Structure formats: C-alpha cells, structure tokens
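1. What shape does this take:
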Amino acid sequence: MRLNSLHARLRWLIIVVLAAVLLPLGVMSFRRTITEVDELSDGRLAQSARTLQVLIEHAGMHAISDHAAEGIQVPIETTYPRPTKTLGHTHESEVGFQIFDHSGRVVLATANLASLPPPATGDANFQDVQQGGYRWRVFTLHDLADDIVIRTGERYDSRHDITHAVWLEHSLPLLIALPLLALLVGWAVRRGLRPLESLTRALSAREPGTQEPVVLPDAPLELQPVLSALNGQLVRMEDALERERRFSADVAHELRTPLASAMINLESAMTTADPVELHTSLASAQHGVAALARRIEQLLALARLESGAASGQRTPIDLVAIAMDVIEELAPVIAESGVEMSVAPLPPQVIILGYEAALAALLRNLLENAMRHVPAGGQVQLSIELGERVALVDVIDDGPGIPAERRASVFARFHREAGGHGDGYGLGLSIVQRAAQLHGATIELLDSPYGRGLRVSVAIPLSPQAVTHDDSPVTPAQ
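-> Sure thing, here's the model as predicted:
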C-alpha cells in the first residue's frame with residue numbers, strides 16, 4: 001500500500017507496531033495458559049485417584065469386592081433439570097474412574113469407563129486412550145498396599161471447552177481492541193499533527209516579499225528547529241530575490257544613459273556630410289560603446305559575486321602573483337591616466353586559500369578607483385605585507401580623499417563621490433566589498449600617509465579555518 005499521507009502513514013505504522021507486539025504476546029499468553037490448564041487438569045486426575053485410594057483404605061477393599069461379584073458401576077447423569085423445566089448439560093459424563101483388584105477385575109467404575117480394559121504392565125501414569133468414541137486423558141495409580149489399581153480419566157472435549165473459552169478470552173479483546181485502537185490512533189495522530197496544519201495555513205497566508213518570520217504559538221519542540229531553519233531559508237530567499245530585483249532595476253538604469261549617448265552619436269554620424277563632424281561623432285560613439293562594455297563587465301562581475309559564483313572550493317593562491325597580473329593588465333590605463341603608480345617591496349609569496357577571480361576583481365577595482373580619483377601627476381601605491389595570521393593589502397593615493405563621515409556610504413552600489421575623474425559608475429567598491437566578504441576579510445578606509453588622499457586597507461585571513469560569512473557586513477573604520 002502506497003501511503004502519500006503522513007497521517008495515514010503514522011496511523012498504519014502505529015497499528016502495525018501494536019499488532020506486532022500484541023499478537024505475539026497474545027499467542028504466547030494463550031499457549032502458556034493452555035499448558036497451565038493441561039497441567040492443572042492432570043493434577044486433578046492424580047488428586048482424584050489419590051482421594052479414591054484414601055477412601056478405599058478406610059472402607060476396605062474386601063467390602064467393595066464382596067459387595068458385587070461383577071463389580072459396581074456408578075451411574076452417569078448426562079442432563080439435569082433446570083428451574084425453567086428445560087434440560088441442561090452436565091459434565092458428569094466427561095469424567096470417570098476405574099478400580100481394579102489384584103486380578104485385573106473391575107470392582108468399581110463409572111458407567112462411561114466401565115468397559116475400558118485394564119492397564120497393561122509398564123504403562124505410563126498419564127496416557128491418552130480412546131473410549132466410547134471419545135479421546136480420554138487417564139491417570140493410573142498402583143496401590144501396592146491394597147494390591148489394587150485406580151484409574152481416573154477426563155475427556156478431551158472437556159478440556160477443549162476450556163481451551164475455547166481461553167481462546168475467546170485472549171482473542172476477542174484483540175479483535176475488538178485493534179479496530180478501536182485504529183480509530184483512537186487516527187484521532188491521536190490528527191491531533192498530534194495539528195501544528196503542521198497550522199504551519200501550512202501560516203505559509204499559505206504569508207504575503208510574497210515579506211521577511212516577517214513564521215510564528216506558531218506553542219510550537220512543539222520537534223517543530224521549532226524546522227521553523228528556525230524555514231525562517232532562515234525564507235529570509236535568505238527574500239534577500240536573494242530583493243538583490244535580483246534591485247540589480248535588474250540598477251542595470252536598466254545604468255545602461256540607459258550610455259546606450260542613449262551611443263545612439264545619438266550614431267544618428268548624428270549618419271545625418272552629417274562633414275568628414276570632421278562624422279569622425280567626431282563616430283569617435284564619441286566608439287567611446288560610448290567602450291564605456292558601455294566596461295560598465296557591463298563591471299555589472300557582470302558584481303552579479304557573479306552577488307550570486308556566490310565564486311563560493312566553490314577554495315584553492316591556494318599567491319596574492320603577489322595576482323597583484324602582478326592585475327598591474328600588467330592595467331598598464332595601458334595607468335599610462336593613459338598620467339598617475340604615478342608604485343609598488344612597495346613585496347614578499348616573494350603570500351599564499352592564501354581563496355578564489356582567484358574574486359581576489360583579482362578586488363585588486364583591480366581598488367587600483368582603478370584610486371586612479372580615477374587622483375588627478376594627473378598624482379600618486380598611487382600598492383603594498384602587500386604578511387601580518388599576524390592575515391595578509392595586508394594597502395592601496396594609498398594622494399587624491400582628494402573621502403571625509404570620515406561619508407566613508408560608510410561609499411560601499412553602496414552606484415555611489416559616486418564628488419570630485420572623481422573618469423567614467424566611474426559607483427560599482428568598484430561594491431565589488432571590493434563582496435570579494436572581501438567571500439574571504440572573511442575586513443576593509444578599512446583610513447587617512448593617507450601622504451597628508452591628503454585615502455588609504456584602503458584590506459586584511460585577508462591566512463588561516464585555512466577562516467570562516468566565510470557571505471552575508472556578514474564589511475564595516476569601514478570611521
């Protein structure tokens with residue numbers, strides 16, 4: 001049976017477990033009771049024989065033998081009158097006895113056992129015999145003192161009546177109790193699963209986009225970890241959806257202006273006949289398309305970091321080698337900016353566990369952001385040092401700097417500081433922040449040692465046990 005309902009599954013599992021426990025116990029109890037009944041019945045037979053033995057000793061065997069040469073038969077009543085004048089059954093016919101003298105002659109017997117042959121020499125005390133169409137259980141007692149043999153018997157159908165009564169006593173409660181248990185278990189399971197129904201109703205009534213936790217009053221202890229994990233998952237899901245919505249809106253906003261500028265320049269080039277104006281319009285359109293490509297590249301880099309694309313397995317990375325590759329990549333930009341780029345003496349290697357793409361994006365955007373805010377002839381310096389359990393990356397410039405009260409806001413996406421040069425889009429420090437979060441790093445915005453400008457200091461943990469918390473905030477120093 002395929003059970004798709006948790007209620008039905010629990011109900012049937014409980015019933016099966018109860019049946020698996022109660023039925024074997026009932027069978028064992030029944031067998032034990034039957035064994036006890038048989039032993040008790042055998043004991044009654046032996047006790048009856050010994051009672052007859054005592055009575056014969058007191059009455060004298062000769063008195064009985066001389067009373068009737070053919071032996072005495074005790075009559076058996078098979079029915080007895082009831083007060084209602086109907087005939088009822090009696091158990092006299094189901095029991096009987098025999099007394100044999102030393103010659104094997106029956107001297108005293110009940111009518112139902114009078115014709116049973118005497119026991120043979122060597123017969124066991126307890127035997128099963130056939131007599132009068134019935135199966136009997138008999139006990140034989142040899143009285144050596146009086147030289148007689150006493151045999152008592154009981155029909156098996158009498159024992160079977162007891163067996164049937166015991167069977168009904170053991171089976172009937174189970175037959176009645178199991179269906180009743182099924183009903184009670186079904187009720188108990190439904191009542192026990194009410195918190196799940198409450199959780200279903202709470203989730204169904206939850207408004208899309210809300211970050212309010214799901215609360216169940218008096219939630220069972222077993223359901224509280226589920227609620228906690230579910231609320232955490234809902235918050236993360238809503239955060240991810242909110243980032244996607246915000247990112248989509250920001251992308252649409254940021255790409256509209258360069259696209260419009262490129263379209264205007266292309267339309268101007270298509271409508272002019274002046275070669276100089278045509279060249280100027282095409283050059284402007286090319287510049288706008290290049291700016292658009294760079295903006296898209298930055299947006300994609302931020303999207304990859306936002307979606308955790310770099311959150312796979314960390315690998316050992318040489319931070320110095322990455323820095324050299326980034327400087328080589330930015331060489332044309334550095335030459336065109338007119339900024340003096342310097343690199344402090346670097347250690348031979350700085351090995352950390354991390355993500356190469358994210359670290360390259362961090363260094364690239366730090367250097368580009370510094371050069372964008374430094375006028376021609378200014379200075380930008382990169383240094384990488386080994387600190388205590390961290391790698392320290394410093395990018396120092398002598399530009400206008402950022403006032404301390406505004407440093408906390410520069411990590412917001414598309415934030416632009418006044419006084420910047422070039423075509424910045426306010427995404428650089430957002431990418432830096434996300435890359436730092438992926439490595440459990442901290443970022444500080446400090447005063448430049450040049451007397452003016454800014455010093456961006458990033459501390460990246462060297463320990464392999466450094467834990468990355470993707471959603472932990474990176475707080476700049478004030």
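2. For stretch 197-207, buried residues please.
-> For stretch 197-207, burial by neighbour count (16 or more other CB atoms under 10 Å) applies to 198-199. (Glycine included, C-beta is placed from N, CA and C.)
3. can you list contacts of it?
-> 212, 214-216, 223, 226-227 (CB atoms under 8 Å, 6 or more residues apart in numbering).
4. chain center to the strand or helix carrying I431, what's the gap?
-> I431 is part of helix 428-438, with elements assigned from DSSP states H and E. With CA atoms, centre = their mean, to the nearest Å as the basis, helix 428-438 stands 35 Å off its chain's centre.
5. so where do the helices sit in the chain?
-> Applying DSSP state H to the chain gives helices spanning 6-59, 61-67, 156-192, 194-204, 224-271, 275-306, 319-329, 331-337, 356-373, 428-438.
6. With mean pLDDT and distance to Y450 added, can I get those in JSON lines?
-> Below are those laid out as JSON lines (pLDDT from 0 to 100; distance: least, CB to CB, whole Å):
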{"stretch": "helix 6-59", "mean pLDDT": "82", "distance to Y450": "69"}
{"stretch": "helix 61-67", "mean pLDDT": "60", "distance to Y450": "138"}
{"stretch": "helix 156-192", "mean pLDDT": "75", "distance to Y450": "71"}
{"stretch": "helix 194-204", "mean pLDDT": "76", "distance to Y450": "57"}
{"stretch": "helix 224-271", "mean pLDDT": "74", "distance to Y450": "32"}
{"stretch": "helix 275-306", "mean pLDDT": "74", "distance to Y450": "27"}
{"stretch": "helix 319-329", "mean pLDDT": "89", "distance to Y450": "20"}
{"stretch": "helix 331-337", "mean pLDDT": "80", "distance to Y450": "17"}
{"stretch": "helix 356-373", "mean pLDDT": "83", "distance to Y450": "12"}
{"stretch": "helix 428-438", "mean pLDDT": "77", "distance to Y450": "20"}
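7. Among those helices, which comes closest to A459?
-> helix 428-438 (9.0 Å; CB to CB).
8. Next, the angle helix 356-373 makes with that closest one.
-> Put simply, helix 428-438 runs at 150 degrees to helix 356-373, going by axes from the mean of the first three to the mean of the last three CA atoms, to 10 degrees.
9. I'd like to know which elements helix 428-438 is packed against.
-> helix 275-306, helix 356-373, strand 442-447, strand 454-461 (3 or more CB pairs under 8 Å, 6 or more residues apart in numbering; DSSP states H and E).
10. ok, and which of these has the densest surroundings?
-> Of all those, helix 356-373 carries the top mean neighbour count, a mean of 23, counting by mean count of other CB atoms under 10 Å.
11. on contacts alone, who are the packing partners of that helix?
-> Packed against helix 356-373 by the contact rule (3+ CB pairs under 8 Å, 6+ apart) you find helix 275-306, strand 315-318, helix 319-329, helix 331-337, strand 379-386, strand 390-397, helix 428-438, strand 454-461.
12. can these go into a markdown table with extra columns for distance to T140?
-> Below are these laid out as a markdown table (distance: least, CB to CB, whole Å):
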| stretch | distance to T140 |
| --- | --- |
| helix 275-306 | 99 |
| strand 315-318 | 95 |
| helix 319-329 | 105 |
| helix 331-337 | 121 |
| strand 379-386 | 105 |
| strand 390-397 | 101 |
| helix 428-438 | 97 |
| strand 454-461 | 96 |
